[in-house]
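>>> Using only what follows, build the 3D model:
(3 chains)
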Amino acid sequence: MPAKTLGELAEYVGGRLFGDPSVVIKSASTLGKACEGDISFLVNRKYQKQLKTTNASAVIVGKEIPEGPVPLLIVEDPYYAFMQIMVLLHGHRKHKKVGISPRASISDSAKIGVDCHIYDFVVVADEAIIGDGCVIYPSVFIGQGVQIGNDSIIYPNVTVYDGCKIGNRVIINSNSTIGEDGFGYASYKGIHHKIPQIGGVTIEDDVEIGACCGIERGTLGDTIIGQGSKLGDLVTIGHGTKIGSHCLLVAQVGIAGSATLGHHCVVGGQAGVVGHVTIGNNVTIAAQAGVVNNVPDGQAVLGAPAIEANQGKRAYSMIQYLPEMRQNIRNLHNQIEKMGPSLEPDSETPSEHDIEP
Amino acid sequence: MPAKTLGELAEYVGGRLFGDPSVVIKSASTLGKACEGDISFLVNRKYQKQLKTTNASAVIVGKEIPEGPVPLLIVEDPYYAFMQIMVLLHGHRKHKKVGISPRASISDSAKIGVDCHIYDFVVVADEAIIGDGCVIYPSVFIGQGVQIGNDSIIYPNVTVYDGCKIGNRVIINSNSTIGEDGFGYASYKGIHHKIPQIGGVTIEDDVEIGACCGIERGTLGDTIIGQGSKLGDLVTIGHGTKIGSHCLLVAQVGIAGSATLGHHCVVGGQAGVVGHVTIGNNVTIAAQAGVVNNVPDGQAVLGAPAIEANQGKRAYSMIQYLPEMRQNIRNLHNQIEKMGPSLEPDSETPSEHDIEP
Amino acid sequence: MPAKTLGELAEYVGGRLFGDPSVVIKSASTLGKACEGDISFLVNRKYQKQLKTTNASAVIVGKEIPEGPVPLLIVEDPYYAFMQIMVLLHGHRKHKKVGISPRASISDSAKIGVDCHIYDFVVVADEAIIGDGCVIYPSVFIGQGVQIGNDSIIYPNVTVYDGCKIGNRVIINSNSTIGEDGFGYASYKGIHHKIPQIGGVTIEDDVEIGACCGIERGTLGDTIIGQGSKLGDLVTIGHGTKIGSHCLLVAQVGIAGSATLGHHCVVGGQAGVVGHVTIGNNVTIAAQAGVVNNVPDGQAVLGAPAIEANQGKRAYSMIQYLPEMRQNIRNLHNQIEKMGPSLEPDSETPSEHDIEP
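Numbering: from 1, shown residues only, chains lettered A, B, ... in the order given. The predicted structure is shown next:
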């Protein structure tokens, strides 16, 4: 690993340095675990008090953080600078250069680009096309007619069904499935008849997909994961759904079929979106939310059913007061009864049109 | 792909045709994307306005839809007719006929029926029995003593543990696991002791299981997925649970152990059912519901905790009014105080038996 | 399978016997399905009435259960005794002794202990170290530098990324992924930049991990699954999270990154825990709960957002009364209006500081 001086790092990320520029940085670590030679970072205020006790040789901070006893590298976006330094010091995963393993099973009609590394027990089916510089780990299945761009990485035990299209610099983590049939059945007289799913899946450039995800192929058109979007582990995307570019879908998210998400949406863990809805751009969906309606551009929603986030935060946090509220209503009722029993309402049964706002 | 005339299709599905029966249909597509030669369909009213703009050569509709500018094929159940036409025009996935790959690892004591296609890197363990016409994709593991019926399809990287029974025409999608040990431990003095899970899994005829599912084997008896039931992606079924016939379990559903579902139940995405409950026949469980009690035949439930659906829809949609309600209660309290302070209740602390209904 | 007499079993588990000690027990079964020669058990009161009708040759019960027509084996902890007898009569899964398959792909620089069984199509990468007595099922991938202790079992199609550490007697079920990159991106000007994840995963001794789980590697330090903890199917653990010892995480649980769970925590199915929180020891988190704050030792929580369990049980079960409550508030309002309209509040708009408790 290449060591750098703090001065070099400050210049590299364009930050201001409060401390000795000749300090040598070899690695990165958390505030709590850092030793001499480590650089750390502070983004979450929760950890701010650790600035006083950390053994890090330097800490990357945002402009507003007061100087600590440890050398500080002050940047506009500490997390981004941390990423830059992590890449500089550690780089991304290196893949062993194995070429095309004789233990892989590659169809004669498949086309493999230059500088690809295809490990043992991979199957590449007929007419698949794999671009240059791809890495395909053991026991991956690349179905018939699949197209993969350049510099993509597919980790072990991934399955890509026939005809799916995967872009450049895509990363698919282990045990994920791309292009299984959509959950589409016509139910007739109590029997569920499978509908052929003739659409595919298109995964655009720079997408990363977590482990154990399932991306269904479309019934008629393609399911699309937009450029630069990142999916966590155990995410499932329904058939024909379009995820826009640069979205973040955290672990265990489920988006049902024929939904549309705009660009730069963030969907929290375990959240669900029903089918056939349209989610705008820059939408934030909180963890565990259940989205059942369209959401306009820029809105944040939470809860199940999901509502606007500020309103929702207040409303859902008030569920805990329900017993108290119910009792208060009873108390008020009793007080009023004592005050004027003749004024009792006609009926205790609420009428439908009264209740709906 | 075989092209058909619209007249032929109308006859095939038993529908009435409003338009030229000689129009040639080659494929199917969505209303929005269809071109000349495509047939489309309208089921969800949301898309009805697209009838006016679609380039489809015909659209399958239900009886009640007014005639559009495009030729209409009117049927009782448009989605079922669409399925029939999809199968007619496109058929289901064709599997390459590979026979039994020399790169598969088949135990000498396993029995494989006729016309099976077992791909590279499949393992079939001792005493497994596979019927006729099965397709087993790469890197599937078929454990010891597993029994599979005829015409079943198992996609890549599926694992079937020892002794599981899989019926006829079953489809298991990639990266799913059948028959892992149930989550059963006896906790004693702070240690969780694993209980041998000596039951198995029975998957009846015509079941389809999505990608990345986990179906636990039973502790004592079998976990059962009933005939014709369909499971979406990332579904998990607990040990000893019985899913009735012709159920639909959408993606990310979790059914805990020792639960019983009747036939023709529909369970929405991300819904959960606790262990040891009995769900009747024809029950509908909404997406993200949390079912903690038995549900009688024919009932629909929603919410967490799940309650009857009509009641639940009204109740859960009212969470958003909690802040307003709480404020209203305070206002009422203040008004009453002004009216007659001597009538204050004895205590503000709600007593337990008052609160419970 | 070794048969035992009831007397032998009573002595083995240290229980009192009400019945003939010479009765022969060959297997275990549920109360409902047991035949002659089976022993059954009663833990869940729901099944108590089956004591009268069971065909079991004996039933293991707790002290407080009245004597039935069937021989009873009375023990302090029936479930623990049941486990002991299951292990005695049936044992745990036997693994075929295959040695190291010539169809596995083992790096020359990997070290494999004695008495290991490595099945076909396994890949063990460079510098991996596997202890004694391990069983590695087909199509498992063991990445570079992975360390595995003794007597661990890894089921088919599991992927272990580079550098992860797995202890002794660990069980990892099929299609699970250990050590994929954490979901870590620095978002800058609308682009999500991948942060190298240089931490690893440490799975301590006696852990069992279900099928289709994803355990992310840490960004800087290790993600840790503590000794004796058990994870169900489709569980996902975020990067850098520490799960204490002897925890139970039921199926589909999601714990976000940088969270800390103490020892002996129980997390119900589909529950979620946000990142960066600290959960104490002996905490119980109910199914589907959404934990967004720290939880102290010994507390039980439920609901989303999660609150203390007793309070939460009452509060969440009251959502169903919301329509009635809202109507009651309106009725009260109307009554008060009739009583003294001059006492109307100044405004119907709630002011922010009034509403928050």
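>>> so what pLDDT did the most centrally placed residue in chain A get?
Against the mean C-alpha coordinate of chain A, by C-alpha atoms, centre = their mean, the closest residue is A:Leu249 at 2.7 Å. With respect to pLDDT, A:Leu249 scores 98.
>>> Same check on A:Asp38?
95.
>>> measure it to chain C for me?
9 Å (C-beta to the nearest C-beta, to the nearest Å). Placement of C-beta: from N, CA and C, glycine included.
>>> What does A:Leu261 show for phi and psi?
Reported as degrees, to the nearest 10, the phi and psi values for A:Leu261 are phi -110, psi 140.
>>> That one: what's it in contact with?
A:241-244, A:247, A:255, A:267, A:273, A:279, A:283 (C-beta atoms under 8 Å, 6 or more residues apart in numbering or on different chains).
>>> With A:Val123 instead?
A:104-106, A:140-142, B:119-121, B:138-139, B:156.
>>> Now with 6 Å, please.
Residues counted as contacts of A:Val123 (C-beta atoms under 6 Å, 6 or more residues apart in numbering or on different chains) are A:105, A:141, B:120, B:138.
>>> one step back: which of the contacts of A:Leu261 has the largest number of neighbours?
Neighbours here mean other C-beta atoms under 10 Å in any protein chain shown. Within the contacts of A:Leu261, the largest count is held by A:Ile255, at 32 neighbours.
>>> what are the bridge partners for the residue nearest to the centre of chain A, then?
A:Leu231, A:Val267 (DSSP bridges).
>>> measure it to A:Ala287 for me?
11 Å (C-beta to C-beta, to the nearest Å).
>>> For the closest residue to chain B within the stretch 1-150 of chain A, give the beta-bridge partners.
Distance from chain B to each residue of the stretch 1-150 of chain A (C-beta to the nearest C-beta) is smallest for A:Phe141, at 3.8 Å. Beta-bridge pairing of A:Phe141 under DSSP bridges involves A:Val123, A:Thr159.
>>> Distance check, the nearest residue to A:His246 once chain neighbours are set aside against chain B.
Closest residue in space to A:His246, ignoring its immediate chain neighbours: A:Gly228 at 4.4 Å, by C-beta to C-beta, 6 or more residues apart in numbering or on different chains. Distance, A:Gly228 to chain B, by C-beta to the nearest C-beta: 24 Å.
>>> Hmm, A:Asp205 and A:Gly228 touching each other?
No. With contact defined as C-beta atoms under 6 Å, A:Gly228 does not reach A:Asp205; the gap is 7.3 Å.
>>> In a helix, A:Gln50, correct?
Yes. With DSSP: H, G, I helix; E, B strand; the rest coil as the criterion, A:Gln50 is part of a helix.
>>> can you tell me the helix or strand for the nearest residue to it once chain neighbours are set aside?
Nearest residue to A:Gln50, sequence neighbours excluded (C-beta to C-beta, 6+ apart): A:Leu31, at 3.9 Å. For A:Leu31, there is no helix or strand it lies in under DSSP states H and E.
>>> Spit out the contact partners of A:Leu31.
The contact partners of A:Leu31, taken as C-beta under 6 Å, 6+ apart, are A:40, A:47, A:50, A:54.
>>> Next, format those residues as TSV and append distance to C:Ala128, neighbour count and secondary structure.
Shown next, in TSV, are the contacts of A:Leu31 (distance: C-beta to C-beta, whole Å; neighbours: other C-beta atoms under 10 Å in any protein chain shown; DSSP: H, G, I helix; E, B strand; the rest coil):
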residue	distance to C:Ala128	neighbour count	secondary structure
A:Ser40	31	25	strand
A:Tyr47	34	17	helix
A:Gln50	35	18	helix
A:Thr54	34	24	coil
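>>> Show the backbone phi and psi for A:Gln144.
phi -60, psi 130.
>>> Roughly how far does it sit from A:Ile172?
With C-beta to C-beta as the criterion, A:Gln144 and A:Ile172 are 18 Å apart.
>>> isn't the residue of the stretch 1-150 of chain A closest to chain B right up against B:Pro156?
Yes. Look at A:Phe141 against B:Pro156 with C-beta under 6 Å: they come within range, at 3.8 Å.
>>> and for these two, which residues touch both?
Joint contacts of A:Phe141 and B:Pro156 (C-beta under 6 Å, 6+ apart) are A:159, B:138.
>>> Hmm, A:Ala28 is touching A:Ile39, no?
Yes. The pair A:Ala28 / A:Ile39 is scored as a contact, 5.3 Å apart, by C-beta under 6 Å.
>>> All the helices of the stretch 201-350 of chain A, residue numbers only.
A:309-316, A:322-339 (DSSP state H, counting those that start in this stretch).
>>> buried stuff in the shortest one?
Going by neighbour count (16 or more other C-beta atoms under 10 Å in any protein chain shown), the buried part of helix A:309-316 is A:309, A:311-316.
>>> State the phi and psi torsions of the residue nearest to A:Gln50.
Dihedral pair for A:Leu31: phi -50, psi -40, per degrees, to the nearest 10.
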